[in-house]
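# The following comprises the amino acid sequence and a computationally predicted model.
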Amino acid sequence: MAPTKYIDRTIPRISLANFNSRIDTITEELVRAAETDGFFSLKDTGISVGEIEAMFVQSAGFFALPDEEKATVPWLAKNVGWEKNSQIRPSTGTADMKESYQLQFGENMKDSWISSKALPDFRETALEFMRRTQAISEKLMLCFARGLGFSDDYFIKAHDVSRPDSQTTLRLLHYFEVDKKTPVPEGYFRAGAHADWDFLTLLFQQPGQSGLEICPGREAVTSFGIGDVWTKVDFEAGDIVCNIGDLLMSWSDDRFKSTFHRVRAPMDPQTDYYGPRYSIAFFNQPCSSCTIQGPLKKYPAVTGEEFTRSAMNRNFAALKAKKDAMGVENEDDGHGAVSQRLGNPETRRVRVGV
Ligand SMILES: O=C(O)CCC(=O)C(=O)O
Ligand SMILES: [Fe+2]
């Protein structure tokens, strides 16, 4: 495969300081970023570096538990729980080299919190961090509603996390350390190229643990940006890197851009980071019953549930097409998950969620 081509793109860095008095400027900056690159980073968010580090400590604590303990909260199709080496992206057909633990606010989390015996402060720290991140998301939702001509609380109501059917998800991610002496086989990624299908994603990273790359959709000419020109995303401690998801793209009649991104596996011992990477992604997901339609009505109105279902079906169909092309057997278990056999006797459940 030809080596990746890179280009420097400036990703707008937007300050949320003095939000109420600067709301017009912030709205203008966010709308411009959403229309152009679909990616931006936030500073002066109100969440301190200390709070972010405290959440990363809990995350590392969870992933350090023995697999048998993590397996007490397995990944479920409602997108909660722990998975390891099981998310296969249609862009690659191979499992991401990672494990992740998805957390939600509502009743989907029943039975999916790790026990307080294993990690005493985990649940409380995570829920507080989720509330703090939701509050920032709501500021962004207000600005995007104004930018599109909706009422201020329009998107906030559609993503109400106090409702029992809330689907907003915090995903803790752990990409495994890679041995410099054992090159990663071609076609394997820490996270294969994809666009998120949520409304907005807010990503927390730790300085020194780089790897995120973007390929703005507007310029991507090939499926999943394969063969296109990528940009490595830099960030500063405390920054939140955000991207527009497919839902907001559709809800804005395609005015705002959902963007391909990936975490490439380290390849070059001179330049790449081979250590473990921990990141935390917060996915704003709509409540199942809300109605989604842009101001210009470019697409027919659908409910949150229908939007998510068709996104999962599209992903599943693309994954199946990739598997067929690779000559790998697929089985649909009828629950939005796929079982696969990759030429070894082990049959694994494959996640198709965001
Ligand atoms: O870990 C990262 O930097 C990216 C994660 C991501 O894109 C995702 O989980 O959707
Ligand atoms: Fe993503």
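Nice, thanks for sending it over. This structure is a prediction, so every number in the text was calculated from the model and none was measured. Ligands and ions are numbered 1, 2, ... in the order given.
# Show me what the residue lying closest to K232 once chain neighbours are set aside is bridged to.
Nearest residue to K232, sequence neighbours excluded (Cβ to Cβ, 6 or more residues apart in numbering): E213, at 5.5 Å. C-beta here means a position set from N, CA and C on the backbone, and glycine is covered the same way. Following DSSP bridges, E213 is listed with bridge partners K232, R262.
# Can you get me a residue count around E213?
20 (other Cβ atoms under 10 Å).
# Tell me which stretches of the stretch 151-300 of the chain form helices.
154-158, 246-251 (DSSP state H, counting those that start in this stretch).
# Now do the strands in the stretch 201-350 of the chain.
212-215, 229-232, 240-244, 260-263, 277-283, 291-292, 302-303, 329-332, 338-341, 347-350 (DSSP state E, counting those that start in this stretch).
# highest average neighbour count across these?
strand 240-244 (a mean of 26; mean count of other Cβ atoms under 10 Å).
# Next one: the closest residue to R32 other than its chain neighbours from ligand 1, what distance?
Once flanking residues are discounted, R32 sits nearest to P12: 7.3 Å by Cβ to Cβ, 6+ apart. According to Cβ to the nearest ligand atom, to the nearest Å, P12 stands 18 Å off from ligand 1.
# Next up, the contacts around P12.
E29, R32, A33, T36, D37, F40, S41 (Cβ atoms under 8 Å, 6 or more residues apart in numbering).
# which one of those residues is nearest ligand 1?
S41 (12.4 Å; Cβ to the nearest ligand atom).
# any idea how far the closest one is from T133?
15 Å (Cβ to Cβ, to the nearest Å).
# Which residue of the two possesses the greater neighbour count?
T133 (24 against 19).
# That one contacts T45, doesn't it?
No. T133 is beyond contact range of T45, at 9.0 Å (criterion: Cβ atoms under 8 Å).
# which residues does the closest residue to ligand 1 within the stretch 201-350 of the chain contact?
Per Cβ to the nearest ligand atom, S279 is where the stretch 201-350 of the chain lies closest to ligand 1, at 3.6 Å. For S279, the contacting residues are L173, Y175, L203, F204, Q205, Q206, Q209, L212, V263, by Cβ under 8 Å, 6+ apart.
# Can you add pLDDT and distance to ligand 1 and give the residues you listed back as TSV?
TSV is the format used below for the contacts of S279 (pLDDT from 0 to 100; distance: Cβ to the nearest ligand atom, whole Å):
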residue	pLDDT	distance to ligand 1
L173	98	5
Y175	96	7
L203	98	6
F204	98	9
Q205	97	6
Q206	95	11
Q209	94	9
L212	94	4
V263	95	5
